[in-house]
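Undergrad: Below: sequence and its predicted model.
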Amino acid sequence: FHIHPVDTQVDNSSAIHRLPECIVIGVRKGGTRALLDMINLHSQVKIAKAEVHFFDIETNFHLGLEWYKSQMPKTMPGELAIEKSPSYFVTESVPQRIFAMNPQILLLLVLRDPVTRLISDYTQIMYNHLERGRTFKSFEELVFFPNKSVNTGYEAVAKSIYVQYIHRWMHFFPKNQIHIVNGDRLIHQPWHELRKVEQFLGLPLQIEKNDFFFNSTKGFHCLKKKTSSNPELHCLTKSKGRAHPNITDETKTRLRKFYAQFNYDLYNVVDRDFGWPE
Ligand code: A3P
């Protein structure tokens with residue numbers, strides 16, 4: 001006569017930690033937090049609150065899939081768990097690792113004009129330095145060599161050459177498993193981008209224009225969360241949508257020229273023209 005240990009997962013109507021069925025893989029400063037918070041408006045989506053960085057940070061990866069699962073929000077059957085870790089997109093080992101976990105996984109990638117992304121990336125690093133009381137080099141000093149050619153060794157420059165990373169993902173995943181969100185449109189008309197995301201995830205269409213309100217002080221759309229009877233208003237933290245330093249038109253033009261060919265290559269690879277300014 002054996003007494004079986006109680007299996008806490010027998011009742012599949014209760015919420016448990018499950019591996020994600022969708023991951024927001026990047027790109028850093030593309031609008032990944034906005035996307036994740038916005039898709040969380042959907043009643044069948046649950047999000048990991050913090051960035052998990054399981055596949056890109058070795059010490060996390062070595063904790064194994066059970067640890068990863070424990071970082072996920074609890075979901076009921078029919079609900080999707082989603083996490084975002086923006087550096088997945090640019091980290092070489094990650095596509096293969098995600099494929100090994102689940103070759104059917106759905107991937108979301110937010111891309112925006114590479115020059116704006118670069119300036120946004122620089123702005124974040126600059127604020128991090130200034131907050132620690134450190135000085136920081138000017139944008140031009142970091143982005144250009146003294147002879148004015150573009151310094152691709154500067155990480156923030158390289159991260160905007162999207163085509164060099166997308167190849168790695170497409171080596172493992174078919175195009176229909178990678179949905180690219182237009183990060184520029186996500187700012188101005190998030191409901192359009194969210195509709196496409198719902199379709200990609202096979203979710204009933206729920207998120208509408210009325211779920212957003214434009215906050216003119218912040219200059220961005222904020223969200224009406226449907227958690228309580230009175231919708232709770234939620235804007236992203238002040239580190240999202242910060243003023244960028246003034247970058248001259250000459251600098252922007254030089255950078256646009258630099259990225260133009262990489263952008264064309266990307267449009268060809270993903271069969272989509274983002275129309276980023278040249
Ligand atoms: P800036 O702060 O440079 O404007 P990430 O979350 O991937 O770090 O991306 C941050 C970027 O998200 C912000 O960059 C901002 O432009 C963009 N964003 C998109 N929608 C937003 C929103 N509704 N509120 C705030 N920022 C938003």
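TA: Nice, thanks for sending it over. From a predicted model like this one, the values you see are computed outputs, not experimental measurements.

Undergrad: From what I see, Leu108 and Val27 are in contact.
TA: No - using CB atoms under 8 Å, Leu108 is not in contact with Val27, being 10.9 Å away. (C-beta placed from N, C-alpha, C; glycine too.)

Undergrad: So which of these two has more stuff around it?
TA: Val27 (27 against 22; other CB atoms under 10 Å).

Undergrad: Quick check: that one vs the ligand, distance?
TA: 7 Å (CB to the nearest ligand atom, to the nearest Å).

Undergrad: swap in Pro245?
TA: With distances taken as CB to the nearest ligand atom, Pro245 is found 11 Å from the ligand.

Undergrad: where does the stretch 101-250 of the chain have low pLDDT?
TA: 227-229 (pLDDT under 70).

Undergrad: Run through the helices of it in chain order.
TA: All helices of the stretch 101-250 of the chain, identified by DSSP state H, counting those that start in this stretch, fall at 114-131, 139-143, 155-158, 163-172, 183-188, 190-201, 249-270.

Undergrad: Show me which residues of the second one are buried.
TA: What it means is helix 139-143. 139, 142-143 (16 or more other CB atoms under 10 Å).

Undergrad: just the fourth one next, same as before
TA: Neighbour counts using 16+ other CB under 10 Å place 163, 165-166, 168-169, 172 of helix 163-172 among the buried residues.

Undergrad: For the residue nearest the centre of the chain, give me its contacts.
TA: What sits nearest the mean C-alpha location of the chain, by CA atoms, centre = their mean, is Thr32, with 3.0 Å. Going by CB atoms under 8 Å, 6 or more residues apart in numbering, Thr32 touches 24, 26, 84, 86, 110.

Undergrad: Could you do His129 as well?
TA: 135-136.

Undergrad: now it: how far from the ligand?
TA: From His129 to the ligand the distance is 16 Å (CB to the nearest ligand atom).

Undergrad: Please apply the same query to Pro86.
TA: 5 Å.

Undergrad: Report how many residues lie close to that residue.
TA: Around Pro86 there are 22 residues (other CB under 10 Å).

Undergrad: Kindly report the same for Ser93.
TA: Ser93 has 13 nearby residues by other CB under 10 Å.

Undergrad: Which ones, among the buried residues of helix 163-172, also lie beside the ligand?
TA: Residues of the buried residues of helix 163-172 in contact with the ligand (CB under 6 Å from any ligand atom): none.
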